[in-house]
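Colleague: For reference, the sequence and a predicted model appear below.
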Amino acid sequence: MSRRSLARFVALAAILSMFGTSAAFTPAQAADQVIKIGVDLPVSGADASDGIPTQNGVTLAVEEANTHAPKGFKFEVDALDDAVGGVHNPQQGATNIRSLAADPAVMGVVGPFNSNVAAAEIPVSNESGLPLISPSNTNPTLTKTAKYRTAHPDVITYFRVCATDDVQGKAGAEFAKTLGLKKVYVIDDNETYGLGLANVFEKDFKEMGGSVLGHDHITANQQDFKALLTKVASTHPDAVYYGGTTSTGGGLVRQQMASAGMDPTKVKYVGGDGISDEEFIKVASDAANNSYYTVAAPNAAKSASAQSFIKAYKAKFHSDIGAYSANGYVAAQVIIAAAEKTIKQNGGKAPARAQVLKNIQNTSGFKSIIGTFGFDKNGDTTSPVIALWTIKDGKQDFVHQINVSAK
Amino acid sequence: MELFIQQVINGLSLGGIYALIALGYTMVYGIIELINFAHGDVYTLGSFFSIAIIGLLDASGRLHGVPLLLVLAVALAGSMILCGIVGVLLERLAYRRLRNAPRLAPLITAIGASFILENIMQLWRGPSPIPFPSVVPNVTWHFGGVNLSSNEVLVVVMALFLMAVLQIFIYNTRLGKAMRATAQDRDAAQLMGININMTIALTFFIGSALAGVGGFVSGIYYGSTWFYNGFEAGLKAFTAAVLGGIGNVAGAMLGGFVIGMVESLTAGFISDQWATVAVFLLLVLVLIFRPSGLLGEVLPDKV
């Protein structure tokens, strides 16, 4: 009996220590104390071409930070995958954030990539006080309403360094106008991100005098879009607007347009950043050309300060940067800067997560390769940029970009 | 009207694929009353095998030397044989020992087998959609405002042809007779000298080979596949088999076409979101008013 109660005591102590704050622990060894930067992105399957280039950005930021880390500390990446069966999964995301929150060495997390995953993660982050900085979530309700801040509605633990869909959808509508499109058919994937973006596009495109011939939703894991696309073709649109990601059907819809009687060289395809990945070109194959999309981040290649980042990225990963690599890099830098500042405030002692969170909240005038920015009272970037891209000869091609902070 | 005809064509080709899968469901159920949930994944494996075989012939440069039809014939035959072998292995390794167990046990085993196959495919080719080599030229004919493509014709013709062959096999050959006898009364069949293990394995082989054909034509028809395709396709095909009257070959075919059509017309004229709802609603209605399916066989009571 006594052995059993001892075992219980040990187990309890172990559980309690998991929830203890990092301040309670002062490691005895002389080795550098590890500060972990968590990462939660989809890095397998159809979403891997979104997640991996973004995660690479984080890796690079952490490596650079270690070249001049505060004495006695070193930074490490703790990366988790939120894709299940190759598609971003909200439940998996929430599980990942719970396990990262349980590790007191994790000071902040870069991620998630997808808005519906964020909707599941923000409550966990809000309750545990673990800062989340998303490189790419664009759904406006994530920050602008308190609906996901369930435990502490007035505490901001979730931030983002990209623009939101209220401006991305509008930019898409303006883009469609400048392309000379008059009649557009809207399709979305019925997810937090896709549906939200498609609705904004539809509203703004109509306000600008365009006509929306119809608006349909597709469901997850669907393979056959011919019936829907035959219906779309019968309305003779100039373009199809797709709100959603490649992994939820964005590539297949484009690929099947031809067999439903819409010539992809004549009928354009317009979308948001959900189709900004290489996977889209792979899945849609020849039909990928003549597609246009918006990205809620600036094109780093156009920024003078980003050139060394691009060079370092190429040297390390032997590939070009992805649409959100620079954002991943900058999101990690924000957490690192906040941690370093906290160490300085503590006189060289280990930072506590709550202090780091406070410093992230107070980020302002932060100079980065995606511009100088801070976070507003909701956790949104003060300098949102929308870039416009097209696909030409099977390659992504930059058109131009606009800073939408004034609007 | 043109739009309606176009959607009927879409529905027929979609239904043809469902029908090819449903044949396997119905045959296996007919003989050992097992709902083989892994069958949808065997269908996906058919696409994977076809892609691998075409890739192999293409990579070795032989594709340019030999006529296209031969390559396709090899891919089709290879996919059928390999899927057939997978089916036989499933029966031998997973289901045979449970043949006399309570019915829940093989059912759950089938679901487990489905997970295993899905994960093997995910490990093999990764979880992204895989493009099917576009080696088959897709010719489109125009009749007024209606377009008909050679791929659509291929799917429907293939499904009808194989159903006919299967009917002839079941009703006009000795092996077919053995299958029918085993389905009717396993013990009596054994007493009459029928090797029931062999007969059941043969049923699995044929059913899975038909799924292999389904995988091959769907690869050509859609131009891509991914490891998880079989789940939803399998579910719809199972519905088709039940709708037509499970255990009935012609019923599976009819059920497949009806479901393809309902899905297509709902997506085309109501909303894409309601397509799956309509399919399962139809299933519920049929089960209420004709519990044994549209062409449901009236089974003699086993006393």
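Modeller: It's in.

Colleague: And residue 214, its phi and psi?
Modeller: Because you didn't say which chain, this covers chain A. Its backbone dihedrals place residue A:214 at phi 180, psi 160, with angles given as degrees, to the nearest 10.

Colleague: Oops, wrong one, chain B.
Modeller: Per degrees, to the nearest 10, the residue geometry at residue B:214, taken as phi and psi, is phi -60, psi -50.

Colleague: ok, for it, nearest residue in space, not its chain neighbours?
Modeller: Of all residues beyond its chain neighbours, the one nearest residue B:214 is residue B:20 (3.6 Å), with distances taken as C-beta to C-beta, 6 or more residues apart in numbering or on different chains. C-betas here are computed from N, CA, C, even on glycine.

Colleague: which residues touch the residue in chain B positioned nearest to chain A?
Modeller: Per C-beta to the nearest C-beta, the residue of chain B with the smallest distance to chain A is residue B:127, at 2.7 Å. Applying C-beta atoms under 8 Å, 6 or more residues apart in numbering or on different chains, one finds that residue B:127 lies in contact with A:44, A:45, A:46, A:83, A:85, A:86, A:87, B:226, B:227, B:228.

Colleague: would JSON lines of these with distance to residue B:42, pLDDT and secondary structure be doable?
Modeller: Conversion of those to JSON lines gives the following (distance: C-beta to C-beta, whole Å; pLDDT from 0 to 100; DSSP: H, G, I helix; E, B strand; the rest coil):
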{"residue": "A:44", "distance to residue B:42": "24", "pLDDT": "86", "secondary structure": "coil"}
{"residue": "A:45", "distance to residue B:42": "22", "pLDDT": "81", "secondary structure": "helix"}
{"residue": "A:46", "distance to residue B:42": "23", "pLDDT": "81", "secondary structure": "helix"}
{"residue": "A:83", "distance to residue B:42": "25", "pLDDT": "92", "secondary structure": "strand"}
{"residue": "A:85", "distance to residue B:42": "18", "pLDDT": "81", "secondary structure": "coil"}
{"residue": "A:86", "distance to residue B:42": "20", "pLDDT": "81", "secondary structure": "coil"}
{"residue": "A:87", "distance to residue B:42": "23", "pLDDT": "88", "secondary structure": "strand"}
{"residue": "B:226", "distance to residue B:42": "15", "pLDDT": "88", "secondary structure": "coil"}
{"residue": "B:227", "distance to residue B:42": "13", "pLDDT": "89", "secondary structure": "coil"}
{"residue": "B:228", "distance to residue B:42": "14", "pLDDT": "88", "secondary structure": "coil"}
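
Colleague: now these as JSON lines including distance to residue A:176?
Modeller: As requested, the contacts of residue B:127 are exported to JSON lines (distance: C-beta to C-beta, whole Å):
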{"residue": "A:44", "distance to residue A:176": "33"}
{"residue": "A:45", "distance to residue A:176": "30"}
{"residue": "A:46", "distance to residue A:176": "26"}
{"residue": "A:83", "distance to residue A:176": "31"}
{"residue": "A:85", "distance to residue A:176": "33"}
{"residue": "A:86", "distance to residue A:176": "30"}
{"residue": "A:87", "distance to residue A:176": "28"}
{"residue": "B:226", "distance to residue A:176": "30"}
{"residue": "B:227", "distance to residue A:176": "35"}
{"residue": "B:228", "distance to residue A:176": "33"}
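
Colleague: Among those, name the buried ones.
Modeller: Among the contacts of residue B:127, those that count as buried by neighbour count (16 or more other C-beta atoms under 10 Å in any protein chain shown) are A:44, A:45, A:46, A:83, A:85, A:86, A:87, B:226, B:227, B:228.

Colleague: pretty sure the second one is in contact with residue B:129, am I right?
Modeller: No. When contacts are counted by C-beta atoms under 8 Å, residue A:45 is not listed as touching residue B:129 (9.3 Å).

Colleague: Around the nearest residue to residue A:281 once chain neighbours are set aside, how many other residues sit close by?
Modeller: The shortest distance from residue A:281 to any non-neighbouring residue, by C-beta to C-beta, 6+ apart, is to residue A:288 (4.5 Å). With neighbours defined by other C-beta atoms under 10 Å in any protein chain shown, the count for residue A:288 comes to 23.

Colleague: and residue A:288, what is it in contact with?
Modeller: Residue A:288 is in contact with A:251, A:254, A:280, A:281, A:391, A:394, counting by C-beta under 8 Å, 6+ apart.

Colleague: Could you dump these into CSV with pLDDT added?
Modeller: CSV is the format used below for the contacts of residue A:288 (pLDDT from 0 to 100):
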residue, pLDDT
A:251, 93
A:254, 95
A:280, 94
A:281, 94
A:391, 96
A:394, 93
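
Colleague: so is residue A:240 in a helix, a strand, or just coil?
Modeller: At residue A:240, secondary structure determined by DSSP: H, G, I helix; E, B strand; the rest coil is strand.

Colleague: so the nearest residue to it once chain neighbours are set aside bridges to which residues?
Modeller: Spatial nearest neighbour of residue A:240, chain neighbours left out: residue A:185 (5.1 Å); criterion: C-beta to C-beta, 6+ apart. With DSSP bridges applied, residue A:185 shows beta-bridge pairing to residue A:214, residue A:240.

Colleague: quick one: the helix or strand containing residue A:57 to chain centroid distance?
Modeller: When secondary structure is defined by DSSP states H and E, residue A:57 falls within helix A:48-66. For helix A:48-66, the distance from its own C-alpha centre to the chain's C-alpha centre is 13 Å (C-alpha atoms, centre = their mean, to the nearest Å).

Colleague: ok and whichever helix or strand comes after that helix relative to helix A:48-66, angle-wise?
Modeller: Later in the chain than helix A:48-66, the nearest helix or strand by DSSP H and E is strand A:73-81. Following axes from the mean of the first three to the mean of the last three C-alpha atoms, to 10 degrees, one obtains 170 degrees for the angle between strand A:73-81 and helix A:48-66.

Colleague: where are the low-confidence patches of the stretch 151-300 of chain A?
Modeller: Low-confidence regions of the stretch 151-300 of chain A, defined by pLDDT under 70, are absent; no residue qualifies.

Colleague: ok, now with 90
Modeller: Applying pLDDT under 90 to the stretch 151-300 of chain A flags the ranges A:219-223, A:247, A:258-259, A:261, A:285-286.

Colleague: how about the residues of it near chain B?
Modeller: For the stretch 151-300 of chain A, the residues in contact with chain B under the definition C-beta under 8 Å from any C-beta of the partner chain are A:190, A:216-219, A:221-228, A:230-231, A:234, A:251-252, A:255-256, A:259, A:261, A:279, A:282-283, A:285.

Colleague: Help me confirm that residue A:173 comes into contact with residue A:210.
Modeller: Yes. Contact status for residue A:173 versus residue A:210: in contact at 7.2 Å, counting by C-beta under 8 Å.

Colleague: So between those two, which is more surrounded?
Modeller: residue A:173 (24 against 20).

Colleague: how far away is the more buried one from residue A:244?
Modeller: Taking C-beta to C-beta, to the nearest Å as the measure, residue A:173 falls 17 Å from residue A:244.

Colleague: cool, residue B:237 as well?
Modeller: 27 Å.

Colleague: what's the answer for residue A:306, then?
Modeller: If you go by C-beta to C-beta, the gap between residue A:306 and residue A:244 works out to 28 Å.

Colleague: Which of these two has more residues huddled nearby?
Modeller: Each of residue A:306 and residue A:244 has its neighbours counted (other C-beta under 10 Å); residue A:244 has more, 26 against 23.
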